[in-house]
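Q: next come a sequence and a model predicted from it.
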Amino acid sequence: MTTSTQDAPRTTTGAAKISVRDTRKTFALKDEEFVALDGVNLDVADNEFVTVVGPSGCGKSTLMNIVAGLEAPTSGQVLVDGAGVTGPGPERGVIFQQYALFPWLTVRKNVEFGLKVAGLPAAERRERAEHYVRLVGLEQFADALPKTLSGGMKQRCAIARAYAVNPSILLMDEPFGALDALTRVRLQEQLLDTWSTEKRTVLFITHDVDEAVFLAGRVVVMAARPGRIHEVIDVDLPYPRTEEVRLSPEFAELRNRVWRAVYHQTTDTQTSTQTQN
Ligand SMILES: Nc1ncnc2c1ncn2[C@@H]1O[C@H](COP(=O)(O)OP(=O)(O)OP(=O)(O)O)[C@@H](O)[C@H]1O
Ligand SMILES: [Mg+2]
């Protein structure tokens, strides 16, 4: 029996789906080096839902871009399924805050886009797109162009598009940030529904502490200057996250704890932007 394998080395921490190792990211400014991330270590398990909160500028998007393979770390590395990330990959679906839809394509064609790139035959593309368009409740708008949709609908389209290519990992950078409170709550519930029926590993960035607790199994609180992990808080609340869970004293307690973790470090490190949160 042969034991040789061409696979990349496995993680030493077990079955982490995403493993961020000693990651540092610096940007060259005029006369100095700006440290956007320093010493970041984070393991996300398969099918885990992790949210990341922290003050503006603490490196959340930088971290996500590195995991997405859109930016390279200055040192350290990110492993996905045990293999080093060197660029974007189809197993990682990315959803940005700004609805990154193709304006000239209809909802259906936007959702089909990645499937076309992946070389799926037309009939299968259509079937899959239909499924995900329905999943996010946009079936009546399948033939509409993005400019005719509301912000929430555009974002649901972006979610359907990311889901359609069947990525095992979803990387979401403040996807609901620009939405009104009601749409936001609806999309949170929809996302959790989808997550529980079509299991994914999710790394979800948000400014909103309630959202961070409502969605996650773990909340990662980051701190700024340099960007780093300040605290990781387990959210020991049952799924499905019903309204009852949202209104429970346990939820309130966790929300307060996360809020304090963000707020107290904010007062330590920030001067002008702290009231944003
Ligand atoms: N390309 C770049 N060149 C120089 N500095 C950068 C660059 N990208 C990010 N930065 C700096 O790195 C820090 C982290 O930025 P990042 O966008 O990751 O923060 P963030 O936590 O996502 O903030 P926000 O909550 O406002 O979205 C910021 O101070 C930012 O100015
Ligand atoms: Mg950001």
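A: Ah, there it is. Numbering: from 1, shown residues only. Ligands and ions are numbered 1, 2, ... in the order given.

Q: neighbours of Glu243, just the number please.
A: Applying other CB atoms under 10 Å, we find 9 residues neighbouring Glu243. (Glycine included, C-beta is placed from N, CA and C.)

Q: that one and Ile159, how far apart?
A: From Glu243 across to Ile159, the span is 22 Å (CB to CB, to the nearest Å).

Q: now do Pro55
A: Relative to Ile159, and taking CB to CB, Pro55 is found at 26 Å.

Q: does the nearest residue to Leu179 once chain neighbours are set aside count as helix, strand or coil?
A: Spatially, and ignoring its direct neighbours in sequence, Leu179 is nearest to Gly152 (5.2 Å; CB to CB, 6 or more residues apart in numbering). Following DSSP: H, G, I helix; E, B strand; the rest coil, the label given to Gly152 is helix.

Q: and Val220, which of the three is it?
A: Val220 - assigned by three-state DSSP - is strand.

Q: assess the claim that Val258 and Val213 are in contact.
A: Yes. Between Val258 and Val213 there is a contact at 5.8 Å, judged by CB atoms under 8 Å.

Q: now the phi/psi pair for Gly93, please.
A: phi -90, psi 130 (degrees, to the nearest 10).

Q: ditto for Phe214
A: Here is the backbone geometry of Phe214 (degrees, to the nearest 10): phi -60, psi -40.

Q: next, count neighbours for it.
A: Using other CB under 10 Å, Phe214 has 22 other residues around it.

Q: tell me who's in contact with it.
A: Gln188, Arg241, Val245, Arg246, Phe251 (CB atoms under 8 Å, 6 or more residues apart in numbering).

Q: distance check, it against ligand 1.
A: With distances taken as CB to the nearest ligand atom, to the nearest Å, Phe214 is found 19 Å from ligand 1.

Q: check what pLDDT Pro226 gets.
A: Pro226 carries a pLDDT value of 93.

Q: re earlier: top of the contacts of Phe214 by neighbour count?
A: Using other CB under 10 Å as the neighbour criterion, Gln188 leads these with 21 neighbours.

Q: number of nearby residues for the closest residue to ligand 2 within the stretch 151-277 of the chain?
A: Using CB to the ion, the single residue of the stretch 151-277 of the chain nearest to ligand 2 is Asp173, 6.0 Å away. Asp173 has 21 neighbours, counted by other CB under 10 Å.

Q: assign the residue nearest to Leu42 when sequence neighbours are not counted to helix, strand or coil.
A: With CB to CB, 6+ apart as the criterion, Leu42 has its nearest non-adjacent residue at 4.3 Å, and that residue is Val20. Of the three states, Val20 takes strand under three-state DSSP.

Q: look at Val20 and say how many residues are nearby.
A: 23.

Q: and for Asp180?
A: Asp180 has 12 nearby residues by other CB under 10 Å.

Q: ok, the longest helix along the chain near ligand 1 or not?
A: Looking across the chain with DSSP state H, the single longest helix is helix 249-269. No. Looking at helix 249-269 against ligand 1 by CB under 6 Å from any ligand atom, there are no contacts, and the closest approach is 11.2 Å.

Q: how about that helix as CSV, C-alpha atoms only?
A: C-alpha atoms of helix 249-269 as CSV (Å, rounded to 0.1, in the frame of the first residue of the first chain):
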residue,chain,number,x,y,z
PRO,A,249,-32.4,37.4,28.4
GLU,A,250,-29.6,35.1,27.3
PHE,A,251,-29.4,36.9,24.0
ALA,A,252,-29.4,40.3,25.7
GLU,A,253,-26.6,39.2,28.0
LEU,A,254,-24.5,38.1,25.1
ARG,A,255,-25.2,41.2,23.1
ASN,A,256,-24.1,43.3,26.0
ARG,A,257,-21.0,41.3,26.4
VAL,A,258,-20.0,41.7,22.8
TRP,A,259,-21.0,45.4,22.9
ARG,A,260,-18.7,45.9,25.8
ALA,A,261,-15.9,44.1,24.1
VAL,A,262,-16.2,46.4,21.1
TYR,A,263,-17.0,49.6,23.0
HIS,A,264,-14.3,49.4,25.7
GLN,A,265,-11.5,48.6,23.3
THR,A,266,-12.9,51.4,21.0
THR,A,267,-12.5,54.0,23.8
ASP,A,268,-8.9,52.7,24.3
THR,A,269,-7.9,53.0,20.7
